[in-house]
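Undergrad: Structure for the following, please:
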Amino acid sequence: MKIFKNINDSEIAKLLIGGDIGIIPTDTVYGFACKADNPTATKLLYDTKRKHETKPGTIIAANVSQLIDLGFDRDELKFAREILNAGVSVIMKINAHRSYLNFGINTQAARIIVTGNLHDLLKITGPLITSSANKPGQEPIKSIEQGKDIFGEEISFYVDGGYINSRPSTILKINKGKVELVRNGSVDVSKFLKQNLR
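TA: Okay, here's the model as predicted:
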């Protein structure tokens with residue numbers, strides 16, 4: 001188990017690319033993270049959070065191109081570009097060959113990190129699959145110390161972002177060209193809910 005103080009430490013990208021999972025400060029809360037194009041690491045992430053997990057995590061990416069390469073629907077990405085760039089998670093269709101990410105439902109939440117250190121990491125690693133760092137029924141951890149107490153050596157590495165007590169991401173869903181609210185969170189999306197994206 002390794003502890004890092006800076007998410008841009010070059011070893012973090014190497015660990016993620018190599019298939020490790022870690023707990024990192026995202027743009028909202030502390031989350032588990034691993035490479036989204038790695039089925040083995042993704043299974044380990046879900047198993048660490050909860051055996052037989054059936055709630056898909058969220059993909060974070062540096063830009064729309066990364067989401068296209070991962071297999072998200074191009075048309076829905078085009079419709080949702082403004083929302084994604086506002087730091088909102090959007091549930092969209094994704095290619096069936098990525099079914100390991102979402103337990104075969106072939107839709108997935110995704111969010112773009114447009115600036116900052118996490119954006120820089122994603123430019124190196126490519127998209128990451130994330131899920132809030134907590135056990136079922138518990139709140140997301142607020143510090144790395146709390147995370148180590150709960151998960152210990154199950155996690156390859158931790159990135160210390162200090163004390164985080166933020167709301168999780170807002171989640172919207174694209175449904176037949178319209179936007180639906182799934183979860184209120186860190187971003188006010190009232191202006192998007194009135195839009196018809198087609």
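Undergrad: Using PDB, write down the CA coordinates of stretch 59-73.
TA: Provided in PDB are the C-alpha atoms of stretch 59-73 (Å, rounded to 0.1, in the frame of the first residue of the first chain):
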ATOM      1  CA  ILE A  59     -16.400   7.000 -16.000                       C
ATOM      2  CA  ILE A  60     -14.300  10.200 -15.700                       C
ATOM      3  CA  ALA A  61     -12.400  11.400 -18.700                       C
ATOM      4  CA  ALA A  62     -10.300  14.300 -19.900                       C
ATOM      5  CA  ASN A  63     -12.400  15.000 -23.000                       C
ATOM      6  CA  VAL A  64     -15.100  13.700 -25.300                       C
ATOM      7  CA  SER A  65     -12.600  11.900 -27.500                       C
ATOM      8  CA  GLN A  66     -11.700   9.600 -24.700                       C
ATOM      9  CA  LEU A  67     -15.300   8.700 -24.200                       C
ATOM     10  CA  ILE A  68     -15.800   8.000 -27.900                       C
ATOM     11  CA  ASP A  69     -12.700   5.700 -27.900                       C
ATOM     12  CA  LEU A  70     -14.100   3.900 -24.900                       C
ATOM     13  CA  GLY A  71     -17.400   3.200 -26.800                       C
ATOM     14  CA  PHE A  72     -19.900   5.800 -25.700                       C
ATOM     15  CA  ASP A  73     -22.600   6.700 -28.200                       C
END
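Undergrad: Now it: buried residues?
TA: Residues of stretch 59-73 classed as buried by neighbour count (16 or more other Cβ atoms under 10 Å): 59, 60, 61, 62, 63, 64, 66, 67, 70, 71, 72, 73. Every C-beta, even on glycine, is put in place using the N, C-alpha and C of the backbone.
Undergrad: helices or strands next to the helix or strand harbouring residue 79 in the packing?
TA: For residue 79, the host element (DSSP states H and E) is helix 74-84. Helix 74-84 sits against helix 64-70, strand 89-93, strand 107-112, strand 171-175, with contacts defined as 3 or more Cβ pairs under 8 Å, 6 or more residues apart in numbering; DSSP states H and E.
Undergrad: returning to that earlier point: may I see the buried residues of stretch 59-73 organised as a markdown table, with distance to residue 13 added?
TA: Below are the buried residues of stretch 59-73 laid out as a markdown table (distance: Cβ to Cβ, whole Å):
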| residue | distance to residue 13 |
| --- | --- |
| 59 | 17 |
| 60 | 14 |
| 61 | 15 |
| 62 | 12 |
| 63 | 17 |
| 64 | 21 |
| 66 | 14 |
| 67 | 19 |
| 70 | 17 |
| 71 | 22 |
| 72 | 22 |
| 73 | 28 |
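Undergrad: Go through those and name the one nearest residue 95.
TA: residue 71 (3.3 Å; Cβ to Cβ).
Undergrad: Not including adjacent chain positions, what is the nearest residue to the closest one?
TA: With sequence-adjacent residues excluded and distances taken as Cβ to Cβ, 6 or more residues apart in numbering, residue 71 is closest to residue 95, at 3.3 Å.
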